[in-house]
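Trainee: Provide a 3D model corresponding to the input given below.
(chains A, B, C and D)
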Protein chains: 4
Amino acid sequence: MHNGFHIERLGAAEISSPINLGTEPGDLLADFTPDDARVLAEVDLEHLRSHLRGNEDPESMELAGPRERIYFDPSKLTAGIVTCGGLCPGLNNVIRGLTMTLHHGYRVKRILGFRYGYKGLTPDATHQPIELTPDAVKDIHGRGGTVLGSSRGPQDAGVIVENLERLGVRLLFTVGGDGTFRGALKLHQEIARRGADIAVVAVPKTIDNDIPHVDRTFGFQTAVSKAAEAIMAAYYEAQSAENGIGLVKLMGRHAGFIAANAALAARIANLVLVPELPFDLDGRGGLFAYLEDRFAKRKSTVIVVAEGAGQRHLELAGGKDASGNVKLGDIGVFIKQAIADHFKGKAELTLKYIDPSYIIRSAPAGSNDAVFCGYLAQNAAHAGMSGRTGMAVGRSHGKFTHIPLERLVESSKKIDPEGSLWISVLESTGQPFYMTERPPKDLSRQSLIPQG
Amino acid sequence: MHNGFHIERLGAAEISSPINLGTEPGDLLADFTPDDARVLAEVDLEHLRSHLRGNEDPESMELAGPRERIYFDPSKLTAGIVTCGGLCPGLNNVIRGLTMTLHHGYRVKRILGFRYGYKGLTPDATHQPIELTPDAVKDIHGRGGTVLGSSRGPQDAGVIVENLERLGVRLLFTVGGDGTFRGALKLHQEIARRGADIAVVAVPKTIDNDIPHVDRTFGFQTAVSKAAEAIMAAYYEAQSAENGIGLVKLMGRHAGFIAANAALAARIANLVLVPELPFDLDGRGGLFAYLEDRFAKRKSTVIVVAEGAGQRHLELAGGKDASGNVKLGDIGVFIKQAIADHFKGKAELTLKYIDPSYIIRSAPAGSNDAVFCGYLAQNAAHAGMSGRTGMAVGRSHGKFTHIPLERLVESSKKIDPEGSLWISVLESTGQPFYMTERPPKDLSRQSLIPQG
Amino acid sequence: MHNGFHIERLGAAEISSPINLGTEPGDLLADFTPDDARVLAEVDLEHLRSHLRGNEDPESMELAGPRERIYFDPSKLTAGIVTCGGLCPGLNNVIRGLTMTLHHGYRVKRILGFRYGYKGLTPDATHQPIELTPDAVKDIHGRGGTVLGSSRGPQDAGVIVENLERLGVRLLFTVGGDGTFRGALKLHQEIARRGADIAVVAVPKTIDNDIPHVDRTFGFQTAVSKAAEAIMAAYYEAQSAENGIGLVKLMGRHAGFIAANAALAARIANLVLVPELPFDLDGRGGLFAYLEDRFAKRKSTVIVVAEGAGQRHLELAGGKDASGNVKLGDIGVFIKQAIADHFKGKAELTLKYIDPSYIIRSAPAGSNDAVFCGYLAQNAAHAGMSGRTGMAVGRSHGKFTHIPLERLVESSKKIDPEGSLWISVLESTGQPFYMTERPPKDLSRQSLIPQG
Amino acid sequence: MHNGFHIERLGAAEISSPINLGTEPGDLLADFTPDDARVLAEVDLEHLRSHLRGNEDPESMELAGPRERIYFDPSKLTAGIVTCGGLCPGLNNVIRGLTMTLHHGYRVKRILGFRYGYKGLTPDATHQPIELTPDAVKDIHGRGGTVLGSSRGPQDAGVIVENLERLGVRLLFTVGGDGTFRGALKLHQEIARRGADIAVVAVPKTIDNDIPHVDRTFGFQTAVSKAAEAIMAAYYEAQSAENGIGLVKLMGRHAGFIAANAALAARIANLVLVPELPFDLDGRGGLFAYLEDRFAKRKSTVIVVAEGAGQRHLELAGGKDASGNVKLGDIGVFIKQAIADHFKGKAELTLKYIDPSYIIRSAPAGSNDAVFCGYLAQNAAHAGMSGRTGMAVGRSHGKFTHIPLERLVESSKKIDPEGSLWISVLESTGQPFYMTERPPKDLSRQSLIPQG
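Mentor: The predicted structure follows:
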């Protein structure tokens, strides 16, 4: 029973795949992936035993890969690709990979690239879809952004399905994040309601790496790499001034993965603030006291803050100004100002604030993400051709898998403040466990590193 | 029964770790890793079921991480670090990470850096060990190579153990590859034979990523990234000449992981030759026929060859010249010459040969490897402080683990020619499955991509 | 008569330089620079003729380089180095180069590095000067910022001179920009007034490249290179959205050299706004009309704005809010807001604003600047050792020269709107000559490129 | 009388340039370059005086730039572009720049890109010329190599001229080095002989930067930057081994500019060997004695050798093996082997040899070269449109100029062993002035840096 990760299919796959692969292990010929191959969702031995004690099968996911029999007849198929939401390194690699596998691997008749997000899937689109061919995409993977364009926001599912039917698109690839999954899921449900013969396959895109059931999303490693460069800039700024502070705001609305990993890459951050852990400004355990300590020791300070950290402070600050609907501001700008206000007249400090977000997200994919995007695109194409629908491709414990869209929208992945990533951050930065007045167990201002 | 991955310990861990961590989940305080936490060695569901049907526990590995109780008294401990074998991006990050965790985390009394490999562990060392302190290592992670120096070749285990005892070193970290594991294993066995109280913990280093039971080794991703740049150079050279060939030789003595992944990163290689798959030069399915085809179609060609590919040709070539001991040459130079000889008078071609090996292996770690090295070093330090010995740290299915040295020397990891990495290479390059005259099933010159 | 560029000296240079150089051309032995070698200040033939017609000698500058006879006895000399003002790529290279030449070339007894700008030269400095040795500086050139620290603002010249005398510093190198020159000039004058025996030699630092009589300043090319990356980010952002605008603010308070050159490097900017040329927002020739045109043609737009451009708009905007002292804002933020306000309800546009200033200025020197900084530092050391004072080293028409401090503070270099740099920008961007309502000759909205 | 740099013209320029430029200084409108504007060829004051004493005008060159009146009617013109010889960073930038200025600036009817060098200009070309349009070239500047392809070797001038006439090409741009100049000069002479109405304008390309009368050639700075990376790799290799030697061979057949500048950029080379200065292997002043010294002091060594250095050794070595025609080898490989042979049995050393030539020359242009290529291409287009012929564009003392092809082939630029570049190298490396047994003045083994 693996219903938790059950993948729907449009119908029986009765067509032989045109891809030249084998089925017998040991003949040195690369093989199709068996239709029922699955991998475990959890690798913890204790977790497995608890399942077995309860006579349950452990949760597992379908393994991604090329199938021997496919659902769509490539010679008659029109496929579509759309990219949605904010930029992320690797979008063009995914577009290129999908096009190459559909065209060269399956000889799909026609591949349409819809322009500027879901809006481009509607009849109101101001830009017509473009035809994607190997020639059109062969050089795009060195470019940042998306050659199809993108936009935010949902569109009416019924309108899109009608438009897809009108255009004869029977296999749609959506590349996007949280909002895009929700949109894709609605499309999928609308298609099912109408009994339309259209498959929807998502390639998850979130630069924040916060998608559940997925090890890693494309663009994340490139983002970490670029973010680490910005942290180095903050470090050099901080080091070059008396009471120098370098403050870097990084992406991470709900999860601080970029901030934490970039700090681990640069290895010189002193404080990482993430959405998963609250922090105070005032008081014995707060940010100001922390900085006062460092100034007293003549140390410069590099602070990395994820955009979703400390939202409570923004709400409070926001609440003071406007009654009614609070418009949240920017936590980086807020902290910069709060520090300046607090130390005014107390200490001469030099704070340099760096917000590299657009530089990071528009970067071309690094080599590692390029490889990764290739796998995702190839596997998404294989899944779609096999008639699978309402799903996304992902990677779990190093294996490429299929995940139902429902599972992607039910939660988001967060840093475990008690797990190994955060321990590594605490070791590297030497920062206090808690930056709050009254932490559990009176741990305020203590850090993982024992204080001399 | 997890004996397959059983880790030895020097004795009971009876000292409280000085690191400030908790043990209760849910208190937002980062936790020690329980001493008996384990993760599965295989994630395939079918594989698991076969174990369960046989009433066997599936194989599992100890989870790495800081332990609540440690074996060594930090205030009395002298630890040592040695780096061996060829350069690899990240060596300095590992040295830095070990030093930082031992010093800041555990307050270890003294950390010695032995010079120039195992030779530096002997009394004959021409260079005395240097004392490693946070100040000495804080800026080394931006540098390539190893600040300790390295060398190849084993040394007498007895001599080393005596020397370590003389110097009072009770915890030794060896950073190196295959030969280093064998040396570390011999040290470990010699220590056991003598009943010496010295722990040996290895950090696996192989730029080729071919260590068994380990997902990934440090330096590999940086190497792939630099290798992809060399492939781009070959591409521009090939494109800029009539009948242009760009030939890049990459590391990979026994496994073609760098070649395969770099080709996937650059996305413009036409042919990847790896040790795992033989290839012919002559004949219908061979390299020359392949190139003739491309010349006929006016296409330039980018060939990526791993250093261990096609050794058969070198043996044959070598055999002709010298009876007795055959001295193998360089497969890149060999192919370059073989192509020049074959096409002499037949086609005017321009072949540019690039061997970027030293540029790749001496590169500073990229950001992703920097993060990875940090984890490895921290976990190696934790393992060593807990009294574990005869083991290495690794990563399996995304989790950091402990692996007995015996398991690391029993085999090496190779590309599965029937698995997803190679399928991705075949899709990306469009190269023939087999470059041999008489392949199984008469597959010669067919490729995964159906030919128009 | 070259009094315009006359360099003062502390006294006769009577000591033989310890540097091993020759004086005879043709013996293959590198030579000292003759004390009276000079290069022309202008290379234009017509300019030269006008001088000659007037029987005037053309203006010329002293050639920099090692002199056969020096003024200071290295064995008794204490030299000092101070870095002032904002960060600039190459500061550490200059510190390293000065130290290396003084120590290795001249065997100067002691070299002090003063901390955090001119403040560090006073007795009130919170940080004592550090001793600079080859070991202390050998690895600093890979780092951004300045290892000495920096600060803005002048200090009392008398206080500094007394402190230098107290410390026995007789040769001071100041690395800084406009304000630093003024400070150095005051020091020089104060030293002369007191008859103190201290030489002051400046290494000009301005990331903006706007120093008169100097071809190029260090850090500028690195800045252009990093700025071009930010422009590419803006380009990818603009391309990926409907009516997309990428807006990049770059350094350039009085001169737009970075903006212009970075646009020429990236080659995809559509509009470059610099302090040297005014622009309107409204009206037929203004920015809004320009953007409306582009939206009508479905073109995305990349705008590069130097920080000193359009200050008139800020004054006007500032004037509206506050009577009395107008606090000028940020032209990038201003334009971003002005565009958003203007198009509200008219067109849906996506504007991404990038301010990469701190990332640019804190970058380590690129290879070309590294070479350049080496020359500057070596030549500054040679000039100082020869007893020259009240001067800076520079480069004019490719030759390294000496320039009196008076000449550096009398003006600043600007883009010639009628010269070749700006023509190159106009050609590359296709932007209108004038973005104003009533330009000379009714050239509004015309561009160098003839319109179809 | 500036006959030395006299530029020929096809005829009177009687057509108004379509480019919108002004002629009056001070109107803020960018100006055409006056037809007779000239800049001095030498900036040395003494040099100028010697001319003036002899009542000679100093040598001067025509200033490059757009002319108010042009020779060719753009609406009827077919222009051609050809790239020849070895790769060099920036080739595509030049192709792009020429195309953009000819198309957008002048509205030239047709621009042909000839394939694979001079061979593509003949009727025997295996590839037809391609039409160059803004769309075709707009993204090529991020790519290395040349999109037109290249080849070495001359072709019959008469055949080419006939073919150009057949194709109606009246303005030919040749991008190439020494051999290409000779070919272009022959073409120019053949055209004159036939009275054909074809202009030939060269853009000088030599990665070695050894073209006379030209400050700097495109691609050189990018090459230096990439070369410096290779030197760093050699440094890390050398540092990581006992008696470690890192040996890097760089381009520079007749001049060591890349080697010298890359050494100055990396700042860690110990020895730079260039064609301009001979060196011994054996004897008191030779390479082996130098290395023995360093081994004795336990120092690692980084050697940078230009490909044209030490050719005498290759001749000698070559002479021993073969009577008759000596085939010269590779100086890098030769030195590597010579060191290994010499120290066999004497010292255990580790030598790593790096030849990054293809990686360097195929690199895309760095930002500084991108700007520079833009100027060269724009000025070449302006020169050609004005009817100038038999010339190249260059830069002298920072100004873009016109140079007759005759002046480019008469000599090549070399490092002045007595000048500032070499002094900077001697200071940075601390290497001996002479590496020969019997140097002039018994300077053997002395270095610029006085020995302790």
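
Trainee: Nearest residue to A:Gly142 in space, please, no chain neighbours.
Mentor: A:Pro364 (5.6 Å; CB to CB, 6 or more residues apart in numbering or on different chains). C-betas here are computed from N, CA, C, even on glycine.

Trainee: Help me confirm that that neighbour comes into contact with A:Pro89.
Mentor: Yes - with contact defined as CB atoms under 8 Å, A:Pro364 counts as touching A:Pro89 (6.4 Å).

Trainee: Which one of those two is surrounded by more residues?
Mentor: More neighbours surround A:Pro89 than the other of A:Pro364 and A:Pro89, with 29 against 21 (other CB atoms under 10 Å in any protein chain shown).

Trainee: if I pick that one, what's in contact with it?
Mentor: A:144, A:207, A:218-219, A:222-223, A:360-366, A:369 (CB atoms under 8 Å, 6 or more residues apart in numbering or on different chains).

Trainee: Output the set of residues of the stretch 201-350 of chain A in proximity to chain D.
Mentor: With the criterion set to CB under 8 Å from any CB of the partner chain, the stretch 201-350 of chain A never comes near chain D.

Trainee: What segments of the stretch 201-350 of chain A are strands?
Mentor: Under the criterion DSSP state E, counting those that start in this stretch, strands of the stretch 201-350 of chain A are mapped to A:244-250, A:271-273, A:301-306, A:350-354.

Trainee: The stretch 1-150 of chain A too?
Mentor: Ranges of strands within the stretch 1-150 of chain A are A:8-9, A:15-16, A:38-40, A:60-62, A:69-70, A:78-83, A:110-113, A:130-131, based on DSSP E, counting those that start in this stretch.

Trainee: who touches the first one?
Mentor: Going back to what we said before, that points to strand A:8-9. With CB under 8 Å, 6+ apart, strand A:8-9 has contacts from A:Tyr71, A:Ser386, A:Gly387, A:Arg388, A:Thr389, A:Gly390, A:Met391, A:Pro404.

Trainee: circling back: dump the strands of the stretch 201-350 of chain A to CSV, plus mean pLDDT and mean neighbour count.
Mentor: CSV is the format used below for the strands of the stretch 201-350 of chain A (pLDDT from 0 to 100; neighbours: other CB atoms under 10 Å in any protein chain shown):
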stretch, mean pLDDT, mean neighbour count
strand A:244-250, 98, 29
strand A:271-273, 97, 26
strand A:301-306, 98, 27
strand A:350-354, 97, 22
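
Trainee: Which one of those lies nearest to B:Leu271?
Mentor: strand A:244-250 (40.5 Å; CB to CB).

Trainee: Mind giving me the packing neighbours of the strand or helix carrying A:Phe181?
Mentor: In this assignment (DSSP states H and E), A:Phe181 forms part of helix A:178-194. Using 3 or more CB pairs under 8 Å, 6 or more residues apart in numbering or on different chains; DSSP states H and E, the elements in contact with helix A:178-194 are helix A:157-167, strand A:169-176, strand A:199-204, helix A:405-409.

Trainee: How about stretch A:425-433, which residues are buried there?
Mentor: Within stretch A:425-433, the residues that qualify as buried are A:Val425, A:Leu426, A:Glu427, A:Ser428, A:Thr429, A:Gln431, A:Pro432, A:Phe433, counting by 16 or more other CB atoms under 10 Å in any protein chain shown.

Trainee: quick one: the helices in the stretch 1-150 of chain A?
Mentor: Assigned by DSSP state H, counting those that start in this stretch, the stretch 1-150 of chain A shows helices spanning A:45-53, A:91-100, A:134-137.

Trainee: mean pLDDT for these: which is lowest?
Mentor: Per-stretch mean pLDDT for these is lowest at helix A:45-53 (a mean of 82).

Trainee: That helix vs helix B:45-53, what angle?
Mentor: 70 degrees (axes from the mean of the first three to the mean of the last three CA atoms, to 10 degrees).

Trainee: Quickly check: helix A:45-53 near chain B or not.
Mentor: Yes - using CB under 8 Å from any CB, we find that helix A:45-53 touches chain B at A:Leu45, A:Glu46, A:Leu48, A:Leu52.

Trainee: Mind putting those into TSV with neighbour count and distance to A:Gly149?
Mentor: TSV is the format used below for those (neighbours: other CB atoms under 10 Å in any protein chain shown; distance: CB to CB, whole Å):
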residue	neighbour count	distance to A:Gly149
A:Leu45	22	47
A:Glu46	13	48
A:Leu48	21	45
A:Leu52	15	50
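
Trainee: From those residues, pick the one nearest chain C.
Mentor: Of all those, A:Leu48 has the smallest distance to chain C: 43.9 Å, by CB to the nearest CB.

Trainee: Please list all residues in contact with the closest residue to the closest one other than its chain neighbours.
Mentor: Taking CB to CB, 6+ apart, and ignoring the residues beside it in sequence, A:Leu48 has A:Pro58 as its nearest neighbour in space, at 5.5 Å. Counting by CB under 8 Å, 6+ apart, A:Pro58 touches A:Leu40, A:Ala41, A:Glu42, A:His47, A:Leu48, A:His51, A:Leu52, B:Leu45, B:Leu48.

Trainee: and what of A:Asp44?
Mentor: A:Asp44 neighbours (CB under 8 Å, 6+ apart): B:Ala37, B:Arg38, B:Val39, B:Leu40.

Trainee: got a markdown table for those, with pLDDT and neighbour count too?
Mentor: Converted to a markdown table, these look like this (pLDDT from 0 to 100; neighbours: other CB under 10 Å):
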| residue | pLDDT | neighbour count |
| --- | --- | --- |
| B:Ala37 | 94 | 18 |
| B:Arg38 | 95 | 24 |
| B:Val39 | 93 | 25 |
| B:Leu40 | 93 | 26 |
